[in-house]
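Participant: Next input, structure requested:
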Amino acid sequence: MAWNPSPEVAAARDFGTQFDANRVVILWTTRDGLCGVASYGQTKTLCEATKPIADKLYEDAMEYFDETNERNATDV
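Facilitator: Residues are numbered from 1 along each chain as shown. Predicted coordinates for the structure are as follows:
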């Protein structure tokens with residue numbers, strides 16, 4: 001696996017190590033409404049296979065959040 005020093009990937013890597021997971025996807029939101037995703041694969045092959053899954057989960061989550069916000073705005 002190529003080393004990625006970002007704190008988000010480090011968190012996913014730490015989770016994988018702690019729970020003996022060879023692939024990890026973390027999706028998060030902040031109180032400020034920011035969203036993000038991080039993925040980790042134990043090997044380069046697993047990392048490359050996990051990234052598209054993480055991207056799709058992020059895309060679907062953002063779409064869901066947009067739909068939910070639109071529904072909530074019209075329910076007022």
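Participant: What are the boundaries of the helices in this protein?
Facilitator: Remark: helices of the chain, listed N- to C-terminal, are 7-18, 44-74; assignment by DSSP state H.
Participant: so where's this structure shaky on pLDDT?
Facilitator: Residues of the chain that meet the criterion pLDDT under 70 lie in 1-3, 70-76.
Participant: any idea how far residue 24 is from residue 31?
Facilitator: Using C-beta to C-beta, to the nearest Å, we find residue 24 at a distance of 23 Å from residue 31. All C-beta spots, glycine's among them, are computed from the backbone N, C-alpha and C.
Participant: Neighbour count for these two, which is higher?
Facilitator: Neighbours were tallied for residue 24 and for residue 31 using other C-beta atoms under 10 Å; the higher tally belongs to residue 24 (23 against 5).
Participant: Can you name the residues that contact that one?
Facilitator: Taking C-beta atoms under 8 Å, 6 or more residues apart in numbering as the contact definition, residue 24 lies against 12, 13, 15, 16, 38, 39, 40, 50.
Participant: hmm, which of those are the buried ones?
Facilitator: Buried positions within the contacts of residue 24, assessed by neighbour count (16 or more other C-beta atoms under 10 Å), are 12, 13, 16, 38, 39, 40, 50.
Participant: just checking, the second one touches residue 39?
Facilitator: So that's residue 13. No: assessed by C-beta atoms under 8 Å, residue 13 is found out of contact with residue 39, at 9.9 Å.
Participant: Can you tell me which of the buried ones among the contacts of residue 24 is closest to residue 65?
Facilitator: Distance from residue 65 was checked for each of the buried ones among the contacts of residue 24 by C-beta to C-beta. The minimum falls on residue 38, at 17.6 Å.
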